[in-house]
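> below is the sequence, then the predicted model.
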Amino acid sequence: MIKHNPFNILRQGCSPPSKTFGRAAFATMSGSAAPANSTEVSYCDKRYNAIREGSVTILTPLSSKPQNVFYNPIQQYNRDLSVLAARVFAEDFIHIKHQREQRKPQEPKGRKRKRGVDIESKDNINGDAPRKEVAGKEEAVQNERSETATVDAGRLAQSPVVCQALDAIPTGPKPKHQLRILDALSATGLRALRYAKELPMATSITANDMSQSAADAIKLNVQYNDVQHIIQTSRSNAVEHLNHASSHSQAPYDIIDLDPYGTAAPFLDAAVRAVTDGGMLCVTCTDAGVFASTGYLEKTFSQYGGIPIQGPHSHEGGLRLILQSIATAAAKYGIAIEPLLSLSIDFYARVFVRVRQSPSDVKHLASKTMIVYSCDAGCGAWSTQHFAQSKEKIDKKGNTIYQFKSALGPPSDPKCEHCGFKTHLAGPMWGGPLHNPHFIQRILGMLPTLDDTQYGTLARLEGMLTIALDEDLGDSIEPTIDSRSSSAGQDSVNIVTSDGGVKDKQVNGIPNNAAVRPIPPMHASSRALHPFFFIPTQLAGVIHCVCPPDLAIRGALRHLGYRVSRSHAKPGSIVTDASWAVIWEIMREWVRQKAPKKNALKAGTAGKGIMSHDRSEVALRKTKDRLRDALRCDDEEQIKEKLQALLFQMDSKSRNEASSDGAVTELTEVHKERVTLDVSKLKIVFDEQLGKQAQGKKLLNYQRNPTVNWGPMVKAKDGP
């Protein structure tokens with residue numbers, strides 16, 4: 001939606017004037033009426049600001065007032081990413097449809113097989129020769145259609161505005177596999193225009209908006225960019241439009257893009273039903289103050305069906321709340337979702353989800369839904385609990401089946417085991433992977449071929465996607481065999497290495513090109529084994545010590561054999577498979593080695609609770625406990641025996657403190673992570689050189705705020 005309605009009925013025959021643009025800049029309006037990447041032009045006897053982004057130019061009204069949401073250049077990253085994601089998905093989607101068509105048995109239309117006799121029609125029931133007159137008419141009609149399509153393509157080729165989209169225009173009959181895209185909340189139509197001009201495949205795009213002024217702006221910009229043959233304009237309520245698409249006899253949309261002002265929650269139920277089987281749903285939510293903050297947790301629950309998490313990892317928790325709301329909306333209709341890419345960007349969240357009709361995959365939703373026990377008021381530690389357990393089994397016929405059971409009791413006590421503070425509940429939220437690594441790799445492989453004058457955020461795209469590729473620590477990256485993309489009878493093998501690279505095998509001596517293979521789906525039972533991240537600066541603030549360098553902490557974790565990565569959601573973040581007991585022991589060792597000065601930690605604080613687990617204090621506390629136990633006996637001989645045993649344990653170099661606490665009972669699957677590790681015996685080395693390993697080339701990982709006042713801006717209103 002936009003604020004002004006300066007457009008009258010568009011006059012036919014208005015052609016784009018000659019104009020010169022500088023290099024498109026990633027700029028903000030900073031309260032001015034026109035951004036830096038714009039110029040003033042005259043079109044249809046009116047003056048406009050012409051804003052260039054990608055291969056598209058949109059016209060905005062001249063005004064002395066600050067622009068609201070007519071055009072927000074902060075979200076150019078969103079649009080660049082969306083175009084590339086749609087391109088990668090479309091190549092995969094069309095390829096799969098083509099492979100399915102090839103596998104179908106081919107029979108001439110109108111012919112039937114009955115008892116070994118070819119039957120052309122009811123009139124030819126006795127096997128007479130087909131009627132030549134009908135065949136001749138059909139051939140003439142087909143030739144006429146082909147000639148018409150060729151003439152139209154030649155006319156379009158003469159227009160310099162659409163020269164970049166000629167690959168999407170067929171020169172013969174209409175292509176069998178065409179991509180249908182809906183920009184459900186289109187505003188100026190910029191996103192739909194970029195899809196039309198920058199996707200190198202045949203597309204049919206619907207740009208919809210409920211606002212009359214927005215619909216007028218879309219028509220103006222579609223005509224100005226000369227893409228009337230690709231984009232259809234619709235003025236309707238987005239939910240009603242989606243409901244109509246899902247119930248209409250016409251095929252639903254292959255890609256649906258939801259980019260509202262605020263939350264996308266009201267549109268999710270209708271959107272998952274309007275996407276075709278195997279299609280993609282693109283969702284933006286700009287209400288980070290709701291999904292990533294506990295300030296309005298009652299509103300978060302009403303919109304997303306869960307309680308947000310508090311702490312520096314709140315934005316990842318918000319992503320998981322959004323994905324969970326999409327998954328639950330889809331599950332009611334037997335539709336399963338697979339997140340292809342989920343990112344926390346600036347002030348909003350952007351997720352790309354593949355949906356497919358699969359009641360069997362929907363059964364895994366309970367085992368991928370988790371709640372979080374978070375010590376947000378204390379040390380910041382957390383533990384997770386999934387709603388159900390799934391166990392893989394082999395039936396009598398050798399098929400893989402899954403058995404689902406209720407989850408056992410909570411994995412944590414009401415109080416944090418590290419600092420003693422009370423924990424708080426968050427969720428339910430999505431407990432599966434946030435990304436498909438193969439999808440990210442395909443986008444990264446495309447970036448070197450792109451023009452940075454057209455995609456102004458390429459550096460940031462490469463940096464953020466590279467981090468997103470590594471932040472699951474390689475848990476979801478496994479060798480994938482997908483026969484759908486292979487030749488007849490041949491399997492193509494796609495192996496993604498631990499560092500995120502693609503290692504191609506050869507099929508019959510021919511290199512297997514990853515760029516033309518379908519995106520292998522993640523398994524329906526996949527879980528996020530190590531969700532969330534921590535930030536060393538926050539941990540240092542809890543125990544009031546000098547903050548350790550990130551490389552020192554990363555090196556200490558790697559020296560102990562743990563995997564380390566970063567999160568795209570926050571600078572200075574560390575993602576690891578180490579437990580919180582190990583992380584806090586590393587921090588205590590940092591205090592002992594690098595900051596031995598005793599800090600005045602007040603009793604009852606989280607820092608005091610953390611430092612009470614120091615190695616020397618733990619040993620002293622255990623000795624005191626054993627001494628008290630010995631003195632409780634009434635018999636002097638028993639006291640003497642227990643004191644002698646205690647002295648022997650203290651003097652013995654080979655004593656095992658864990659065994660003295662009693663035998664470890666048999667643990668269930670949900671409590672396996674609670675096996676106590678004797679962290680006091682860990683040899684911790686702060687090796688910064690080891691922390692630098694696998695850093696790769698320098699990338700633009702985190703974008704700084706472009707201006708002082710930036711963000712979603714003020715919501716636009718329809719009318720003057």
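Noted; the coordinates are in hand. From a predicted model like this one, the values you see are computed outputs, not experimental measurements.
> rest of the way, CA atoms for contacts and neighbours
Fine.
> after the strand or helix carrying I443, which helix or strand is next?
Per DSSP states H and E: I443 is located in helix 437-446. Remark: after helix 437-446, the chain's next helix or strand is helix 458-470, criterion DSSP H and E.
> what packs against that next one?
Using 3 or more C-alpha pairs under 8 Å, 6 or more residues apart in numbering; DSSP states H and E as the contact criterion, the elements in contact with helix 458-470 are helix 437-446.
> quick one, strands of the stretch 101-250 of the chain?
Listed in chain order, the strands of the stretch 101-250 of the chain (DSSP state E, counting those that start in this stretch) span 112-114, 117-119, 179-183, 203-208, 231-234.
> which one of these lies nearest to A329?
Between A329 and the strands of the stretch 101-250 of the chain, the shortest gap by C-alpha to C-alpha is with strand 179-183, which sits at 19.2 Å.
> can you list the helices and strands that the closest one packs against?
helix 190-198, strand 203-208, strand 253-258.
> could I get those as JSON lines with mean neighbour count and distance to S383?
Output for the helices and strands packed on strand 179-183, formatted as JSON lines (neighbours: other C-alpha atoms under 10 Å; distance: least, C-alpha to C-alpha, whole Å):
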{"stretch": "helix 190-198", "mean neighbour count": "25", "distance to S383": "40"}
{"stretch": "strand 203-208", "mean neighbour count": "23", "distance to S383": "43"}
{"stretch": "strand 253-258", "mean neighbour count": "24", "distance to S383": "33"}
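> nearest to A595, out of the ones you listed?
The nearest among the helices and strands packed on strand 179-183, by C-alpha to C-alpha, is strand 253-258 at 50.7 Å.
> report the angle between that closest one and strand 203-208.
40 degrees (axes from the mean of the first three to the mean of the last three C-alpha atoms, to 10 degrees).
> mind listing what strand 253-258 pairs with, with the direction of each?
strand 179-183 (parallel), strand 275-285 (parallel) (DSSP bridges).
> nearest to P518, out of the strands of the stretch 101-250 of the chain?
strand 179-183 (16.0 Å).
> now tell me what touches the closest one from outside.
The contact list for strand 179-183, computed with C-alpha atoms under 8 Å, 6 or more residues apart in numbering, reads 90, 94, 189, 191-192, 201-208, 252-258.
> again with stretch 407-421
373, 375, 377-379, 381, 383-389, 422-423, 581, 606-610, 613, 670-671, 674.
> now those: which count as buried?
With burial judged by 16 or more other C-alpha atoms under 10 Å, the buried subset of these is 373, 375, 378-379, 381, 383-389, 422-423, 581, 606-610, 613.
> nearest to G463, of the strands paired with strand 253-258?
Across these, closest to G463 is strand 275-285 (C-alpha to C-alpha), at 20.3 Å.
> measure Q693 to S567 for me?
Separation of Q693 from S567 (C-alpha to C-alpha, to the nearest Å) stands at 17 Å.
> three-state assignment of S526?
Counting by DSSP: H, G, I helix; E, B strand; the rest coil, the backbone at S526 sits in coil.
> quick one: end-to-end distance for stretch 566-586.
In stretch 566-586, first residue to last residue: 18 Å (C-alpha to C-alpha).
> tell me which residues of it are tucked away?
Here stretch 566-586 shows 566-570, 572-586 as buried, counting by 16+ other C-alpha under 10 Å.
> can you check stretch 325-332 too?
S325, I326, A327, T328, A329, A330, A331.
> so which of the strands of the stretch 101-250 of the chain gets nearest P520?
strand 179-183 (20.0 Å).
> quick one: low-confidence ranges for this structure?
Applying pLDDT under 70 to the chain picks out residues 1-36, 63-70, 105-177, 249-251, 476-517, 597-599, 616-634, 646-677, 694-696, 703-720.
> now the helix holding I443: buried residues?
P437, H438, F439, I440, Q441, R442, I443, L444.
> got it, and stretch 217-232?
217-227, 230-232.
> also stretch 285-304?
285-294, 297, 300-301, 303-304.
> which strands and helices lie in contact with the longest helix anywhere in the chain?
Taking DSSP state H as the assignment, the helix of the chain that covers the most residues is helix 76-103. Judged by 3+ C-alpha pairs under 8 Å, 6+ apart, the packing partners of helix 76-103 are helix 190-198, strand 275-285, helix 437-446.
> again, only this time at 7 Å
Under the contact definition 3 or more C-alpha pairs under 7 Å, 6 or more residues apart in numbering; DSSP states H and E, helix 76-103 sits against helix 437-446.
> now do the helix it packs on against helix 76-103, angle only.
Using the same axes, to 10 degrees, one finds that helix 437-446 and helix 76-103 are set 110 degrees apart in direction.
> now the angle from helix 437-446 to helix 458-470?
Using the same axes, to 10 degrees: helix 437-446 against helix 458-470 is 150 degrees.
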